[in-house]
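[1] okay, here's the prediction I keep looking at, along with the sequence it came from:
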Amino acid sequence: MTIFDTDRSGTIGFTEFAGLWKYIKDWQNVFRHFDRDRSGSIDGRELQEALRQFGYNLSPQLLTLVEKKYDFKGSGPKTGVAGPPGITFDRFVRACVVIKQLTEAFQKLDTDRDGWVQINYDQFMNTVLSLP
């Protein structure tokens, strides 16, 4: 929400809310586009395709890790009814945002653009904890 509080007032006014609403609608369209089977969730293949189209070519191991971290399995908190297997809309948005933020943080450290960085523990923790 703070990214939409452009005047830093601690609240969002009508114009700021309109920006938030557009952001959510845009993400819903992206989600619908990649939810090819219309199951209401993003499965592993759909996630891989979405991330690849966003420019993130994650290894199979990283894709599996993302799926495990953001997958929704089991009963819904209020209904007790099992949700669809895969990543739900809100978790899909979160996963994409986190991957983008982590990638950008890595790229800042990868000054020679070779895909490798060497950092100590404090630098790593500072990088990760500085993310929004």
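    On my side now, so go ahead. Numbering: from 1, shown residues only.
[2] tell me which residues in the helix or strand hosting residue 28 are buried?
    Taking DSSP states H and E as the definition, residue 28 sits inside helix 14-34. For helix 14-34, the buried set under the neighbour-count rule, 16 or more other Cβ atoms under 10 Å, comprises 16, 27, 30, 31, 34. From N, CA and C alone the C-beta is placed, and that goes for glycine too.
[3] now do residue 27 against residue 113, distance only.
    Using Cβ to Cβ, to the nearest Å, residue 27 is found at 29 Å from residue 113.
[4] where does the prediction get shaky in this protein?
    Residue ranges of the chain with pLDDT under 70: 1-3, 5, 72-84.
[5] please enumerate the strands of it.
    With DSSP state E applied, the chain shows no strands anywhere along its length.
[6] show me where it has its helices.
    With helices called from DSSP state H, the chain shows them at 14-34, 44-53, 60-70, 89-109, 121-129.
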